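In: Predicted structure and sequence below. I'll ask about it afterward.
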Amino acid sequence: MGNYVDALKFAGGSFSLMPRAAVQSLIQYCHEHDVLVSTGGFIERVLTWGPGAVNKYIDECGQIGFDIVEISTGFITVPVDDVLRLIEKVQRAGMKAKPEVGIQFGAGGTTGASELEAKGHRMLTGRLVAPDVILMRAHYGLETADQDFTVTVSTGNEYCA
């Protein structure tokens, strides 16, 4: 399977609804076939529960066997310094961090385009770009050569860097 599938991504925290043993079994099966396993963007929800919950979530993801923790910020605003700290926490826990670089509105996103533009985000080749996104990319482009950035596609209007 690893020849055709690189990674399995759980969507919307779906793994949190499954029995732990079932999640571990699925992750083990993926690993047996050279497929990495990602949490998907559930950390966005966990962030609303506070720092203690975030630390516990990252630890638990490592214990269960996840390879990748996606750090989504499509529906909430997270300062770049906080995203960088999350990336470092995930990496210290032995997993790969996959920060999402984008801002979503519509289809569940709570911020309209005009409000985002008023906050300093600007359109660039059809995409809404936050100025601090450039700094985050520069920092991790230099510090972590293999760091991935992801853009999530949805049914709504999404503008990503």
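Out: Structure's in. What do you need?

In: Okay, and Gln91 sits in which element?
Out: helix 80-92 (DSSP states H and E).

In: what's the next secondary structure element after that helix?
Out: Next along the chain after helix 80-92, taking DSSP H and E as the criterion, comes strand 96-99.

In: For stretch 6-21, which outside residues touch it?
Out: Under the contact criterion C-beta atoms under 8 Å, 6 or more residues apart in numbering, stretch 6-21 has outside partners 23, 26, 30, 35-42, 45, 64, 67-68, 70. For every residue, glycine as well, the C-beta is placed using N, CA and C.

In: among these, who's most crowded?
Out: Highest neighbour count within those, by other C-beta atoms under 10 Å: Thr39, with 29 neighbours.

In: Now stretch 47-63: buried residues?
Out: Residues 47, 54, 57-58, 61-62 are the ones in stretch 47-63 that count as buried (16 or more other C-beta atoms under 10 Å).

In: export it as PDB, just CAs?
Out: Listed next in PDB are the C-alpha coordinates belonging to stretch 47-63 (Å, rounded to 0.1, in the frame of the first residue of the first chain):
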ATOM      1  CA  LEU A  47      -6.900  24.400  21.500                       C
ATOM      2  CA  THR A  48     -10.200  25.800  22.800                       C
ATOM      3  CA  TRP A  49      -9.800  23.600  26.000                       C
ATOM      4  CA  GLY A  50      -6.600  25.200  27.100                       C
ATOM      5  CA  PRO A  51      -2.800  24.400  27.400                       C
ATOM      6  CA  GLY A  52      -3.200  21.400  29.600                       C
ATOM      7  CA  ALA A  53      -5.500  19.700  27.200                       C
ATOM      8  CA  VAL A  54      -3.100  20.500  24.300                       C
ATOM      9  CA  ASN A  55      -0.200  18.900  26.100                       C
ATOM     10  CA  LYS A  56      -2.200  15.900  27.000                       C
ATOM     11  CA  TYR A  57      -3.500  15.600  23.400                       C
ATOM     12  CA  ILE A  58       0.000  15.700  21.900                       C
ATOM     13  CA  ASP A  59       1.300  13.100  24.400                       C
ATOM     14  CA  GLU A  60      -1.700  10.900  23.700                       C
ATOM     15  CA  CYS A  61      -1.200  11.100  20.000                       C
ATOM     16  CA  GLY A  62       2.400   9.900  20.400                       C
ATOM     17  CA  GLN A  63       1.300   7.100  22.700                       C
END
